[in-house]
Every structure is written in structure tokens, then in C-alpha cells.
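Chemist: Return a 3D structure for these sequence lines:
(one chain, ligands or ions: 1)
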Amino acid sequence: MGKALDGVRILDFTHVQSGPTCTQLLAWFGADVIKVERAGAGDVTREQLRDIPDADSLYFTMLNGNKRSVTLDTKNPQGKRVLERMIRECDVLVENFAPGAMERMGFSWEHIQTLNPRMIVASVKGFGPGPYEDCKVYENVAQCVGGAASTTGFDDGPPVVSGAQIGDSGTGLHLALGIVTALYQRTHTGRGQKVLAAMQDGVLNLCRVKLRDQQRLDRDGVMKEYPQYPNESFGDAVPRAGNASGGGQPGWILKCKGWETDPNAYIYFIAQAPVWDRICKLIGREEWIDDPLYATASARLPHLKEIFAEIERWTMHRTKFEAMAVLNRQNIPCGPILSMKEIAADESLRDTGTIVEVDHPVRGKYLTVGNPIKLSDSPTEVTRSPLLGEHTDEVLAEFGYSATDIRSLRASGAI
Ligand code: COA
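Modeler: Numbers count the residues shown, from 1 in each chain. I've put the predicted structure just below:
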């Protein structure tokens, strides 16, 4: 069966996490992703957080599956000529270097355009144009400047960054969407274009509901679904809301059986309005169904702490999985807090290809997260990440270089 992006050739200058997330996704959709790395060194993550001596790290292998690796010194004059030829024949160039690096290499947007006007040049940067455009940015910096950290955590503690890599992987996803959109527009216009995904913008996009809340706070001075209501005062910026739900249905994390020793014996419980009567019956508080202090969603807002404490008295006597089974039967939305150990062992995630075991010639078998987006006409087969420069000869031959040319490029240090 064919793949959605069959025939799309991508020059992948990405490194670390944000860019590689994007190009790995495009490779899963069928694009030919040629990762261009510095000879002898490669993507810095190959050796970061290594768990097996001399083997590419899990950091690298889990972000670079389904790609081919070419080593090329783009600052070497012959290397530059190779890159020019590749640019002429590829569809997309993706990079997430520090601002200005492509220009310092001699590959500005204007130069790339003269080489190939159909080329899409896609970049991740920390910030968009403005006072911070020249800054280098990593994941947690993006979470801080995009509004995630100031709105995450508990109100009596410092700002907190999330384990979800919304700055890196989140921006990689945004960039991938920009690339396929530009490819689609090119089918009408015949022209390439620049695609920019700034990490600050990507995080802010994912924190959209908090900008919603800022405007509600500015207008009303209070937000009744926040845990600060009704007993604590609000400042002038959106406060940290602990584990409160970000939407219109109140929720909280509640202890389950075993919480004293198991840090993940908890369940997220949503006191969804349409099933309020079922919740009351389940926890033995049927009188709340008609009590005007509890009967409506707005009447319940000042009592959420008391309500969740009462529900917790019920969840604490069940494991998170027992609680989930009962709650699901009642159509009450909930989610057990799953540890990474539990997720890694989850058979259903393996059955759907969301968790995949891959074999690697140096490190052996490792687990990775497969394609979270399932297309019915474009199945994903996850393959291992490439060794450094594994495909240099093969790819250069496809771009018209003979064995003699390749030997001479190697002798010059260009590859
Ligand atoms: N041949 C020759 N030179 C190469 C090369 C190649 N194949 N590949 C990379 N280089 C050079 C670059 O040209 C650059 O040189 P320069 O500084 O002389 O211009 C150099 O390697 C290093 O690139 P840089 O991106 O500056 O790396 P860094 O380690 O200093 O910074 C980041 C890393 C992530 C902070 C930075 O790249 C960045 O801010 N990127 C944008 C935001 C981003 O994606 N952050 C998320 C990371 S997960």
C-alpha cells in the first residue's frame, strides 16, 4: 500500500528534539527524510543520556526512526556544492538551528529560492520576529515564555514545567502541519514558501484556554471553577490551578487504594454535570441530587473541595483500575494516573502501533512511541533510526555522484 507522502523528499537539518519530532512524523507518512549531519559528530543527542556505551542514545533513536543519515560538512566548499545539488532536487528543507545559522552557512532563503523556487523551507525557532528573535531556546524555556509554567502547579508553590514536551514535540507537530499545508498550496501555485513555527507561539497555542481565562479574570476578578474560589483572593494574572480541569466540567485528582506507598495510585475524576445524579448515588450522597446547594453545576462551584473530598472517600477504597471499571459502567468520565512502567507494558497500545519495539544493530531492541496519527490509507511501519552516515554513499549515488566522486568528496572532508 502507498503512503500519503510518497515521493516527497526532505532535507532534514534538524537536531535535538523539536525538529526531529517533525521530520520523524513526515517519514512515518511516507516522506523520504534525509538527515544531514556533521561528519564525526552528528546530532548531539546521539550521545546525550547514553544508557549503553557507544550506542546511539534512546533520546536519538526514539526521535529519528524511518530516516536516512548522510554526513556532510556544509561549510566545506565541496560540501556546499553537494548541498546545492540536493536542494535543487528536494521538496522541503527543515532546520532548527540557532537563529542565523543557515545564513552563516551561506544558505539564506533567497539563495535557496534561486536554487529551487519550489522548495519549502521550514524552521523551528525559539521566538518569532521581535526583541527575542536571536535567542536560543530549549523546551523548558519555551514552556516558561509561552505561558505554560506560570499557569501550572499549585498556587502555594513556584511555577512548574510539564513532563509533556509541549515546547519541543508540540512545536514539531505545528511545523509538520505547516509543511504539509505548504506542500498542498504548492500544488496550486508551483511555489515554495517559508514555514516558521516559533516555540513560544506553539506553547501559547496549547495554552489558549489560559489566555481565555486572563480575559475572564480581567472582566470579573474571579473564576469560580478555580480552586482559589471562594476562599482565596485572585491576583491580576491567571493563577496556577493545581489539578482543576481547564474546561467547564470540574475535575480533580483523587487518591485510590494504595496511595500511601504507590505515587501513582490516583485517578482523575470529572464531576460531569449530566451524570451528577449517578455520582451522588455511587458515593452514597443521594440527598445532594435535589439539594439546591448541590443540584446545579453553578451551585456546586463554591463546594467543589468538599464534593471531591467526599468522592475521594469512595475512590480511596478501590484501586484506580477498580474505580475506573465502576465509573465507566456509570458513564462517569475518569482516568487512572498511569505510570510510564504501566504504559510501556500496555498491550492495547502495542496492538495499535502506538508503542513499538524496534531492533537496532548496536543497541538491540528498544521501545519507541509509534505514529499517534492513524491514516486508513497510509499505514505506518516504524523502522529503526540510522547510524551516523549510514546512507551517505547510497544517497549521494541517488543524487548522481559516482563512486569516484564519492571517494574524492570523502578525501576532501566534505562527507
Ligand atoms: N556542517 C557544518 N556545520 C554544521 C552542520 C553541518 N552539517 N550542522 C550544523 N552545523 C553548524 C551550524 O552551522 C552552527 O554553526 P554556526 O554557529 O557557526 O552558525 C553550529 O553547527 C551549531 O548550530 P546551533 O543550532 O547554533 O547549535 P547550538 O548547540 O549552539 O544550539 C539550540 C542548540 C537548540 C539551542 C539552537 O539550535 C536553537 O535555539 N534552535 C532553535 C530552537 C530549537 O529548536 N530549540 C529546541 C531544541 S530541542
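Chemist: now the helices: where do they sit in the stretch 51-200 of the chain?
Modeler: 58-61, 77-89, 101-104, 109-115, 139-145, 169-189, 199-206 (DSSP state H, counting those that start in this stretch).
Chemist: Out of those, which is closest to V160?
Modeler: Across those, V160 has its closest neighbour in helix 139-145 (9.2 Å, Cβ to Cβ). Every residue, glycine included, has its C-beta placed from N, CA and C.
Chemist: Any chance of CSV for the helices of the stretch 51-200 of the chain, columns mean pLDDT?
Modeler: Compiled in CSV, these are given as follows (pLDDT from 0 to 100):
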stretch, mean pLDDT
helix 58-61, 98
helix 77-89, 97
helix 101-104, 95
helix 109-115, 97
helix 139-145, 98
helix 169-189, 98
helix 199-206, 98
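Chemist: closest one to K125 among those helices?
Modeler: Checking these against K125 by Cβ to Cβ gives helix 199-206 as the closest, at 7.2 Å.
Chemist: which element is G258 on?
Modeler: If you go by DSSP states H and E, G258 is not part of any helix or strand.
Chemist: got the phi/psi numbers for it?
Modeler: When read as degrees, to the nearest 10, the backbone of G258 gives phi 100, psi 0.
Chemist: Excluding chain neighbours, what is closest to it?
Modeler: Excluding the flanking residues, the one nearest G258 by Cβ to Cβ, 6 or more residues apart in numbering is A265, at 4.0 Å.
Chemist: who's in contact with the residue of the stretch 251-400 of the chain found nearest the ligand?
Modeler: With Cβ to the nearest ligand atom as the measure, G389 is the residue of the stretch 251-400 of the chain nearest to the ligand, at 11.0 Å. Residues in contact with G389 (Cβ atoms under 8 Å, 6 or more residues apart in numbering) are E37, A39, G42, S69, V70, T71, I415.
Chemist: In CSV, list the helices of the stretch 51-200 of the chain along with mean neighbour count and distance to the ligand.
Modeler: Formatted as CSV, those follow (neighbours: other Cβ atoms under 10 Å; distance: least, Cβ to the nearest ligand atom, whole Å):
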stretch, mean neighbour count, distance to the ligand
helix 58-61, 21, 10
helix 77-89, 17, 7
helix 101-104, 14, 4
helix 109-115, 14, 14
helix 139-145, 21, 6
helix 169-189, 19, 7
helix 199-206, 22, 6
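Chemist: As TSV, those helices with distance to Q249 would be great.
Modeler: Shown next, in TSV, are the helices of the stretch 51-200 of the chain (distance: least, Cβ to Cβ, whole Å):
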stretch	distance to Q249
helix 58-61	37
helix 77-89	50
helix 101-104	46
helix 109-115	46
helix 139-145	25
helix 169-189	24
helix 199-206	19
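Chemist: how about those helices, which one is nearest S18?
Modeler: Proximity to S18 (Cβ to Cβ) singles out helix 169-189 among those, at 4.9 Å.
Chemist: Name the surrounding residues that touch the closest one.
Modeler: If you take Cβ under 8 Å, 6+ apart as the criterion, helix 169-189 is touched by 5, 8, 17-22, 25-26, 29, 91-92, 94, 118, 120, 122-124, 142, 164, 192-193, 195-199, 201-203, 205-206.
Chemist: ok, now stretch 359-376?
Modeler: Residues outside stretch 359-376 that contact it (Cβ under 8 Å, 6+ apart): 4, 25, 28-29, 52, 54-56, 58, 61-62, 65, 344, 352-358, 380, 382, 384-385, 387.
Chemist: Now that you've got the residues you listed, can you turn the buried subset into something I can paste into ChimeraX?
Modeler: Buried subset of the contacts of stretch 359-376, written as a ChimeraX selection, criterion 16 or more other Cβ atoms under 10 Å:
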select :25,28,29,55,56,58,61,62,65,353,355,356,358,380,382,384,385
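Chemist: show me which of the contacts of G389 neighbour the ligand.
Modeler: Among these, the residues that sit close to the ligand (Cβ under 6 Å from any ligand atom) are E37.
Chemist: Mind picking the two most distant members of the contacts of G389?
Modeler: Among those, the pair separated by the greatest distance (Cβ to Cβ) is G42 and I415, at 12.8 Å.
Chemist: Common neighbours of the two, please.
Modeler: T71, G389.
Chemist: so how far is T187 from F29?
Modeler: Distance of F29 to T187, computed by Cβ to Cβ, to the nearest Å: 16 Å.
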